[in-house]
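> Below: sequence and its predicted model.
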Amino acid sequence: MEPLSWGTIVGLILWRLLPVWLALAILLSVSAFYKRRLGLYGKLYDSPIGLFGFSLVAFWVFVGLFGAFDLIITHDPLTQISGMKNKPPGTAVASASSDDFGYYLLGGDNLARDVFSRVVKGAWIVIQIAPLATLFAFMVGITLGLPAGYFGRRLDVALSFLSNLILAFPVILLFYLLVTPEVIATGLPSYMATVLFIFPIIFSAILLNSRFHTRPKLRTPLLVVVLGLFLWLYTSLISEPGSAIQILPKFVDLFDISGGVLVVFVSVVFVNAPTVFRIVRSLALDIKTRDYVAAAQTRGEGSWYIMLWEILPNARGPLIVDFCLRIGYTIILLGTLGFFGLGLPPESPDWGTTINGGRKLLSIYLHPALPPAFALLSLVLGLNLLADGLREESLKD
Amino acid sequence: MSTQTPCSGPILEIDKLSISFFSRSRENAAVSDFSLSIRSGEAVGLVGESGCGKSTVALGIMQDLGQNGRIVGGSIKFKGCDLQAMSATELRKIRGNEIAMIYQEPMASLNPAMRVGEQLIEVPMIHDTVSRSEAIRRAREVLIDVKLPDPERILRSYPHQISGGQQQRIVIAMALMSKPDLLILDEPTTALDVTVEAAVVDLVRELGAKYGTSMLFISHNLGLILETCDQVCVMYSGEAVERGSVEDVFDAMRHPYTQALFRSIPLPDADKISRPLVAIPGNFPLPHERPPGCNFGPRCTYFEPGNCDSHQIPMASVTNQTAHTTRCVRHDAIDWEADVASDATGSQAKVGDVVLRIDDLKKYYETASNSLFSRDNKKVIKANETLSFEARESETLAIVGESGCGKSTFAKVLTGLESATGGKIYFDERSIEKIPIATRDKETVGQIQMVFQNPFDTLNPSMSVGRQIIRALEVFAVGSNDKDRRHKMLELLDLVKLPRSFAERMPRQLSGGQKQRVGIARAFAGGARVVVADEPVSALDVSVQAAVTDLLMEIQREQKTTLLFISHDLSIVRYLSDRVMVMYLGHVVELGDTNQVFAPPYHPYTEALLSAVPIADTSVEKNHIVLDGEIPSAINPPSGCPFQTRCHWKQAVQDNLCEHEVPPIRDLAPGHQVKCHLSTEKFAEMTPVIRLAGE
């Protein structure tokens, strides 16, 4: 069979993405219709830049989602088909049976895998890991930043010093240290994960307790259920057969996180949490002088209620914007980690690893490295524009 | 420079000016059909509530309306030249040179990164292109004009190194550097303390006379307008509603809004029992909600359907007075002399037992310049010094004083946010001064509550009104279940006269006065018996102030609450309080019944405060006492009597006693205490500061 022309390739890619287009169209039109009732998210539809950014992000989220259900991909991202090594885009698969898709739309990589399917599958990994890791970083930053800003004094000095210390440490060096076999053997990444991942539990426990301690009948069951669930997730997360920590027996261990992913999480949280800490701390310093905080103090509210229910909700504007930006940074960080061959396993289709794989033959074959690079660029651009739009709209009344 | 201008005419002539701001969805008319003229050497006051468009007029004159604002009709002529026809270069020559503007926040008008001297000499160097040494000479001269001590030091200081009052003087000096023909003052003293305000107002008036500068004085304070201006223009909802000489407008107003405004401010003859304030009903209309015809129509007691709302109402001259115009179609038909239809049924509540007894309370703070390293370099701030007083059930005790006098610290100690350094606070005979709020029982916490100053800050912006009140109920353990508490919350909304549907609203959907009502409801959630109201109405517009004040007093009567009313506004204090406590730098300098404090003999500080408060009544004559200098810092208080650095009675005391010894507390009359060294004869010599003409 003849290789496809560029026009046909573009047409076929757009056709493969059909579920994404449909989902995007539904999401955007429904949201635009109800935009007056959707708060800040609805206001985004008044800002062309924000809307463009949001569409880019939504596009990749849908690509990731549908990709996870094997809807868009044309081939298995790990299967090698002989004769397809480094073949240019649009090359027909020689040994294709009638059920298979007959072409490598974006060509084959140096291990004869389909570049298009790998980019799509990679989107799913990025969409899963980046927001979750950023969320963990925020939990840590908020749980430490609020008391530092609210109580001030020695606690603030100590925590700020610690965060400056971490910020001063070379990031790449830290990553290399974390993946060194000797360091893994000591269990250090696992222990760090144990510490870092406990923050969401602390966070939700004090969040709920401070709010509902006046109503013990509701508080106690709520806390038992939520904390029980979180603790189970937590122990499943950190307990790893073969690693330093094995608490849960096999049959209750919900999922196993490969050591590589754990390292990614730990490093993302470790690098981002100090910055989030500083933002939250400065916001808390500002908001704690407001009269409604004084009003809460004079009616005898606990410090944590004031921090989590009086201060935090009113700091949400800048935090949401920063969250979007920070997901972008995390994606770049994932790419960087992948590029250095750290973190995720080498066969993983995530974009950083793929770019690194394509790098070696870049002067001869451009096509394996370009699509994931473009995907990374467009997603981060989308997140930045989304953050810009959110910032712009949240300033307006 | 003004001699070079080819045009002539009045200094400023605004004719049928309309200004609109354009947003994405609509055009908001901020000012419409506004006319005003300022002759040479004249001071014109522009008065109105927030949002009425008075600042927009000022920005329109400066041709500085921003991206969204545009002049959509009418003209502004400066000395006969149309400002709109001028190019950017021509405008730049006029701004800051011939028209200067002074804003509300002095710190925001000064560049914090430049020394004061550098900022001052910029003006003549740019506009008159004089040499640096000449500019410095002029700067020094003008600093002496604005009565700043030690001009050399001031020239070398950065703005943050000098006090707020001094900063505002610098701003005035800067405005005067180029000897402008027109000076626009946009609420120039709102951010300052009363005694400082009085000095600045004095200065402005004096300089206006000296330089012959015309002034446009923008303020919400009718008393200030009376003290500074010849002409006044009252604005309401984007329109001028009444214009004329100060005497005409103040004594023989011919617009219902002006009348309502005067009835809602506490003048010396107002009394909470016999002549209560009359609040203006309803709310200020937003630009897109303005009614047809008269903008004030829906809130006006003289409203006549078919007449007032049928057509746009033009400004018309009041019969027999050509210089006095009003925008009221019925100004001939209304009986302006008729007395207020008062529905006052309130009777003086009986003052009950002592609820709160403060005995020799002290609160000191320790500060160190660097908390980590220097251990022995500690300074003590004496925020409260030997406070002793009692407060009874159903009583209103006003605490009066300027910033830094320790009134907020006292509120913190009382509510348990801070613990006292010494002395006792007895609440129902239980001493609570050392019990921090975390260990106080729920009942006590609920019984001592606060109402805060800033309505825009008092409610959590991300929680609905109902939830905030319910939260307070939960904390105070009121009600046994959610249904109970919800019911109680709705009752509290009834208590503060807000519709029950407000429970679902977010704070941003409420006006300032409504937010303050919610704040009051929240304070009374735990059955408060002592309520500390920290300047609860000072940030509200005058027409709303009356309503919130009346509400507070009504609830007080019903619930027999002890109200500690913190304020610097002596007019409102005189109106509503039973007893008054005057504080200065942490000391109680005078304590007594309202009548005792407001009549001689006074403490010298009380006397100065009374003189400083502007009163919007032309029949009032005041002794003119202007305090020198600034309030001393609490870190470094003066020796002896705290007030001795600014007291003008100091010479009347022998042996310089004031500088050496803190005066003892003396009883001048039963229940009337004064902390002063003055002899009984000197006290007897004092004359009333405020006199109503004809008395």
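Great, that's in hand. Residues are numbered from 1 along each chain as shown, chains lettered A, B, ... in the order given.

> so where do the strands sit in the stretch 1-150 of chain B?
The residue ranges that make up the strands of the stretch 1-150 of chain B, judged by DSSP state E, counting those that start in this stretch, are B:12-22, B:27-38, B:43-47, B:69-78, B:81-82, B:99-102.

> Please apply the same query to the stretch 451-600 of chain B.
With DSSP E, counting those that start in this stretch applied, the stretch 451-600 of chain B shows strands at B:530-534, B:562-567, B:579-584, B:587-593, listed in chain order.

> Show me the residue of the stretch 1-150 of chain B that gets nearest to chain A, please.
When C-beta to the nearest C-beta is the measure, the stretch 1-150 of chain B has its nearest residue to chain A at residue B:24, with 7.0 Å between them. C-beta: built from backbone N, CA, C; applies to glycine.

> Could you report the neighbour count for that residue?
Using other C-beta atoms under 10 Å in any protein chain shown, residue B:24 is surrounded by 7 other residues.

> For residue B:661, list the residues it contacts.
The contact partners of residue B:661, taken as C-beta atoms under 8 Å, 6 or more residues apart in numbering or on different chains, are B:640, B:641, B:677.

> count of neighbours near residue B:269?
Burial measure for residue B:269: 11 neighbouring residues, criterion other C-beta under 10 Å.

> Without its sequence neighbours, what residue ends up closest to it?
For residue B:269, ignoring the flanking residues on the chain, the nearest one in space by C-beta to C-beta, 6 or more residues apart in numbering or on different chains is residue B:275 at 6.6 Å.

> Ramachandran coordinates for that neighbour?
Residue B:275 has phi and psi values of phi -130, psi 80 when expressed as degrees, to the nearest 10.

> circling back: the residue of the stretch 1-150 of chain B closest to chain A and residue A:47 touch, don't they?
No - with contact defined as C-beta atoms under 8 Å, residue B:24 and residue A:47 do not form a contacting pair (10.4 Å).

> Following the chain onward from the top helix by length along chain A, which element is next?
Ranked by residue count under DSSP state H, the longest helix found in chain A is helix A:115-151. Using DSSP states H and E, the helix or strand that follows helix A:115-151 in sequence is helix A:153-168.

> mind listing what's buried in that next one?
For helix A:153-168, a neighbour-count test (16 or more other C-beta atoms under 10 Å in any protein chain shown) marks A:156, A:159, A:160, A:163 as buried.

> list the helices and strands the helix or strand just after it packs on?
Past helix A:153-168, heading to the C-terminal end, the next element that is a helix or strand (DSSP H and E) is helix A:171-179. Where contact means 3 or more C-beta pairs under 8 Å, 6 or more residues apart in numbering or on different chains; DSSP states H and E, helix A:171-179 is packed against helix A:259-287.

> Would you mind listing what in the stretch 151-300 of chain A touches chain B?
For the stretch 151-300 of chain A, the residues in contact with chain B (C-beta under 8 Å from any C-beta of the partner chain) are A:153, A:157, A:214-215, A:290-292, A:294-300.

> And those residues, which two are furthest apart?
A:157 and A:215 (36.8 Å; C-beta to C-beta).

> ok, back up a step: as a markdown table, the residues of the stretch 151-300 of chain A next to chain B with pLDDT would be great.
As requested, those are exported to a markdown table (pLDDT from 0 to 100):
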| residue | pLDDT |
| --- | --- |
| A:153 | 84 |
| A:157 | 93 |
| A:214 | 79 |
| A:215 | 81 |
| A:290 | 88 |
| A:291 | 87 |
| A:292 | 90 |
| A:294 | 89 |
| A:295 | 89 |
| A:296 | 90 |
| A:297 | 89 |
| A:298 | 88 |
| A:299 | 86 |
| A:300 | 84 |
